[in-house]
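Peer 1: dropping the sequence and predicted coords here.
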Amino acid sequence: MMIRIGLTGGIAAGKSTVAAHLRELGAVLIDYDALARKVVEPGSAGLRRIVDRFGPGALDKQGALNRRWVAQHVFSGPNAESERRALDEIEHPLIYELAAEAETRALAIDPNAIVVHDIPLLAEVMDDLPFRFDHIITVEAPDDVRVKRMTRTRGMSERQALDRIAHQPSREKRKEIADAVVDSSQSMERMFEYVDTLMRQWRLRTR
């Protein structure tokens, strides 16, 4: 029997580290960030719809999505909320379609797979997803730690980092939907020990 896991967490909280560890332990990982990039590749229907909605400024000189330009429109400014909603309405259905296809392929190989849907904004899109989860994990870290990570590794200003945090579901909302919380501010060893324990529990259910 398949186990479907929802994995979420705030930006720069350590979710990608947990996702990579789960994959090393044998889980099938469906990375929604990767799917989001795929649905806006040059020539895709998603990119054409974005240009129709936001104008030619959404493209860079090579004809690809101008991510910096789009981010400035959907994460800051007086119309950020409505602009972000418009972008989501274009991208999300396309992403969900690819996720369903990826899960179908995984189950064709192993009907007892542990399939992890890595969804940064799970608390926000929960009701729109065509999936229901057996378990949900959220990866959390204090805001000041996340801001430092974003300014150090992503080239953001402190203001930009705080804007990103503000435009995501709150820590409280993520915890409301989760039945397990991974604290990434502790040591990597202790964090992985907890994830290993969760994985063992899920494997027992697939037998």
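Peer 2: Okay, I see it.

Peer 1: element containing the closest residue to Leu122 other than its chain neighbours?
Peer 2: For Leu122, ignoring the flanking residues on the chain, the nearest one in space by CB to CB, 6 or more residues apart in numbering is Thr8 at 3.8 Å. In short, each C-beta sits where N, CA and C put it, glycine included. Thr8 belongs to strand 3-9 when assigned by DSSP states H and E.

Peer 1: using CSV, list the CA coordinates for the helix or strand just after that strand.
Peer 2: Using DSSP H and E, the helix or strand that follows strand 3-9 in sequence is helix 15-24. Provided in CSV are the C-alpha atoms of helix 15-24 (Å, rounded to 0.1, in the frame of the first residue of the first chain):
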residue,chain,number,x,y,z
LYS,A,15,12.9,21.7,3.9
SER,A,16,15.1,20.8,0.9
THR,A,17,17.6,19.2,3.2
VAL,A,18,14.9,17.0,4.7
ALA,A,19,13.6,16.2,1.2
ALA,A,20,17.0,15.1,0.0
HIS,A,21,17.4,12.9,3.1
LEU,A,22,14.0,11.2,2.5
ARG,A,23,15.0,10.5,-1.0
GLU,A,24,18.3,8.9,0.2
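
Peer 1: what is the neighbour count of the nearest residue to Phe133 once chain neighbours are set aside?
Peer 2: Nearest residue to Phe133 in three dimensions, chain neighbours excluded: Gly6, at 4.0 Å (CB to CB, 6+ apart). Residues within reach of Gly6, counting by other CB atoms under 10 Å, total 23.

Peer 1: which residues touch Gly6?
Peer 2: By CB atoms under 8 Å, 6 or more residues apart in numbering, the contact list for Gly6 reads Val116, His117, Ile119, Leu122, Phe131, Phe133, His135, Ile136, Ile137, Ile177.

Peer 1: lowest-confidence one in these?
Peer 2: Of all the contacts of Gly6, Phe131 carries the smallest pLDDT score, 93.

Peer 1: so what secondary structure elements neighbour the helix-or-strand element of the chain with minimal mean pLDDT?
Peer 2: The helix or strand of the chain with the poorest confidence is helix 67-75; it has a mean of 87 (mean pLDDT, DSSP states H and E). Applying 3 or more CB pairs under 8 Å, 6 or more residues apart in numbering; DSSP states H and E, one finds that helix 67-75 contacts helix 45-54, helix 80-109, helix 158-166.

Peer 1: if we look at the next helix or strand after the last one, which residues are touching it?
Peer 2: When you say that, I think you mean helix 158-166. The C-terminal neighbour of helix 158-166 among helices and strands, as given by DSSP H and E, is helix 171-177. For helix 171-177, contacts defined as CB under 8 Å, 6+ apart pick out Gly6, Thr8, Gly9, Gly10, Leu122, Ala123, Glu124, Met126, Ile136, Thr138, Glu140, Val181.

Peer 1: do the same with stretch 74-82
Peer 2: Against stretch 74-82 from outside (CB under 8 Å, 6+ apart): His73, Glu83, Arg84, Leu87, Gln160, Asp163, Arg164, His167.

Peer 1: quick check: the second one vs Ala123, distance?
Peer 2: Remark: distance between Glu83 and Ala123 (CB to CB, to the nearest Å) = 20 Å.
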